[in-house]
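Peer 1: Next comes the sequence, and after it the predicted model I'd like to discuss.
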Amino acid sequence: MPAIRTDAPHPRGMHATQQTGNQPPLNILHIFSNWKWTGPAEHALNLALEHRRLGHDVTFACAAPPEGAPASILGIARERGIEPYTGCRLSKHFSPAGSLQDVLRLAGFIRQSGFDVVHTHMPNDHLLAGLAVRLGLAKAVLVRTSYDGSGIRAGARTRLCLRYLTDGFLTIAEATGSQIIKRRYLPEHKLWKTDVPVDLERFNPDRVAGCRDKFGLTPEAVVGGIVARVQTHRRFEVLLEALGIVVREFPGFKFMIIGRGTNIEKIAIKPAQAMGIRPNLIFTGYMKEDYVETLACLNFKIFLVPGSDGACRAVREAMAMGKPVIAARRGMLPELVEHQQHGLVIDDTAENIAEAILALVEHPDQREAMGRNARRKAQERFDSRLQAAGIIRVYEELIARKARPRWYHALTRRPKRTQQPAEDA
């Protein structure tokens, strides 16, 4: 596979608190086609806020929530000090009439506002903003971030957006970049690999102490845990079977299930009672204010199935807290967790999960070394300010490319790759 470019947004060697070069501030529109507060929505808003802290002019656009809706992007953005633009519907899903109206409104808004960059974060806003930039003859470069950990969804919309409406594409996963190159959606020079950041000040193990008393845990207890909605497809039946094997070996082992679910009784609590391991489990429910303190109680974390957030944010947060991770060989998990370095990567049968748990229980020195490695990787790769500064460098490169005359691109266009002859046997 041709290597995906990682130099520009990669944090090593960049200074987050400084403007890159002597360039003037950029006028940036971040756009997110939804009103719900999700993992990708948080990533998009955090990036917009970091770009504003770096001194750039930033507008954040999202859908307005319905009346009486729970936590929304709009409400949380206001809490964090930015007033979003909600002049378009920006639905998560495409609809002919509403989308046409959005394209026309966005075209006028982008042209009148004089944006240098339009950064999209979802499939539908990618299409809407891409068409708006092209139809409005705007000078802005169009950038997309994909939070898909195992490949972008194929189809006519994807081909249209990537081949004709995209100046630059950021992916969080090697698999997604490889797929795009293989299917010739984009040339390699328009692709960058980036990491999804974590708040390293909040997820800092040195700032949390004495958290186990709340759950009746002793300092000596070995405690594992999982952070996930308790749903059938998250493989809780396999996890419980594995925990049954572990408890037979180590009756004092404790395991925290951090999350909620409408069917938690059926999926986890009653099966655990039937298996005789209910006393070993701690069901914390959904944790918000005390989430970091709860995470700090763990000696290691398990992650089996990526949810709606393909970036696997819960894994990144655990690594930032210095927790080794037992990760299934699914999605982008093997990219995040290097086997024997930051945890253990397994095929997630009950026997394999139990074997991995027992390995971390029985070898505390190895477990702690993996945790230190995980924290170090988080500091090097998941720093939000460094990521934001690196993405500004991508913007600047794309703007410079767009400003070059057509004859320059014709002279410097890369020759098409030719198939190499097979070697003689």
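Peer 2: Yep, it's here.
Peer 1: contacting residues around the residue lying closest to Tyr147 once chain neighbours are set aside?
Peer 2: Of all residues not flanking Tyr147 in the chain, Pro40 sits nearest, at 4.6 Å (Cβ to Cβ, 6 or more residues apart in numbering). Every residue, glycine included, has its C-beta placed from N, CA and C. Contacts for Pro40 were tallied using Cβ atoms under 8 Å, 6 or more residues apart in numbering; they are 32, 121-122, 147, 309, 311.
Peer 1: cool, Phe32 as well?
Peer 2: 40-41, 44-45, 60-63, 73, 90, 121-122, 125.
Peer 1: what separates it from Val58, distance-wise?
Peer 2: 13 Å (Cβ to Cβ, to the nearest Å).
Peer 1: Low-confidence regions, the stretch 1-150 of the chain specifically.
Peer 2: For the stretch 1-150 of the chain, residues meeting the criterion pLDDT under 70 lie at 1-22.
Peer 1: residue ranges for the strands of it, please.
Peer 2: Secondary structure of the stretch 1-150 of the chain (DSSP state E, counting those that start in this stretch): strands located at 27-32, 57-62, 117-120, 141-146.
Peer 1: and His342, which of these is closest to it?
Peer 2: Proximity to His342 (Cβ to Cβ) singles out strand 141-146 among the strands of the stretch 1-150 of the chain, at 23.4 Å.
Peer 1: Show me which positions of the helix or strand following the closest one end up buried.
Peer 2: Next along the chain after strand 141-146, taking DSSP states H and E as the criterion, comes helix 156-164. Residues 158, 160-162 are the ones in helix 156-164 that count as buried (16 or more other Cβ atoms under 10 Å).
Peer 1: Distance from stretch 333-346 to the middle of the chain?
Peer 2: Here stretch 333-346 is found 17 Å from its chain centre; the criterion is Cα atoms, centre = their mean, to the nearest Å.
Peer 1: can you tell me the distance between the two ends of it?
Peer 2: 10 Å (Cα to Cα, to the nearest Å).
Peer 1: what sits up against it?
Peer 2: With Cβ under 8 Å, 6+ apart as the test, stretch 333-346 has contacts from 149, 173-175, 300, 303, 306, 312, 315-316, 319, 324-329, 352-353, 355-356, 359-360, 370, 373-374, 377.
Peer 1: Over to stretch 153-164?
Peer 2: 94, 123, 126-127, 130, 134, 144, 152, 169, 180, 183, 185-186.
Peer 1: Recalculate using a threshold of 6 Å.
Peer 2: For stretch 153-164, contacts defined as Cβ atoms under 6 Å, 6 or more residues apart in numbering pick out 126-127, 130, 185-186.
Peer 1: hmm, back to that, quick one: the residue nearest to Tyr147 and Leu217, what's the gap?
Peer 2: 34 Å.
Peer 1: Relative to the whole chain's centre, how far out is the lengthiest helix in the chain?
Peer 2: Looking across the chain with DSSP state H, the single longest helix is helix 384-403. In terms of Cα atoms, centre = their mean, the centre of helix 384-403 is set 19 Å apart from its chain centre.
Peer 1: Tell me which residues of that helix come out buried.
Peer 2: 384-399.
Peer 1: still on that earlier bit, which single one of the buried residues of helix 156-164 is nearest to Asn263?
Peer 2: Thr158 (33.8 Å).
Peer 1: If I look at the residue positioned nearest the centre of the chain, what pLDDT would I see?
Peer 2: Computing the C-alpha centroid of the chain and ranking residues by Cα atoms, centre = their mean puts Ala311 first, at 2.9 Å. For Ala311, the pLDDT comes out at 84.
Peer 1: That one looks like it's in a strand, true?
Peer 2: No: under DSSP: H, G, I helix; E, B strand; the rest coil, Ala311 falls outside any strand and is assigned coil.
Peer 1: Okay, the closest residue in space to it that isn't next to it in sequence and Glu368: tell me how far apart.
Peer 2: Excluding the flanking residues, the one nearest Ala311 by Cβ to Cβ, 6+ apart is Val196, at 4.1 Å. Distance, Val196 to Glu368, by Cβ to Cβ: 26 Å.
Peer 1: about what we covered before: just want the angle from the longest helix of the chain to strand 141-146.
Peer 2: 140 degrees (axes from the mean of the first three to the mean of the last three Cα atoms, to 10 degrees).
Peer 1: so what does helix 384-403 touch, helix or strand wise?
Peer 2: Judged by 3 or more Cβ pairs under 6 Å, 6 or more residues apart in numbering; DSSP states H and E, helix 384-403 is in contact with helix 39-53, strand 141-146.
Peer 1: To Ala69, which of the ones you listed lies closest?
Peer 2: helix 39-53 (13.3 Å).
Peer 1: Distance check, Gly210 against Ala320.
Peer 2: Note on Gly210: its distance to Ala320, by Cβ to Cβ, is 20 Å.
Peer 1: out of the two, which sits in the more crowded spot?
Peer 2: Ala320 (26 against 9; other Cβ atoms under 10 Å).
Peer 1: And that one, its phi and psi?
Peer 2: phi -60, psi -30 (degrees, to the nearest 10).
Peer 1: ok, it touching Val198?
Peer 2: Yes: between Ala320 and Val198 there is a contact under Cβ atoms under 6 Å: 4.7 Å.
Peer 1: for the contacts of Pro40, which one is nearest Leu106?
Peer 2: Nearest to Leu106 among these: Phe32, at 13.0 Å, using Cβ to Cβ.
Peer 1: coming back round to it: may I have the phi/psi pair for the residue nearest to the centre of the chain?
Peer 2: Dihedral angles for Ala311 - degrees, to the nearest 10 - are phi -80, psi -10.
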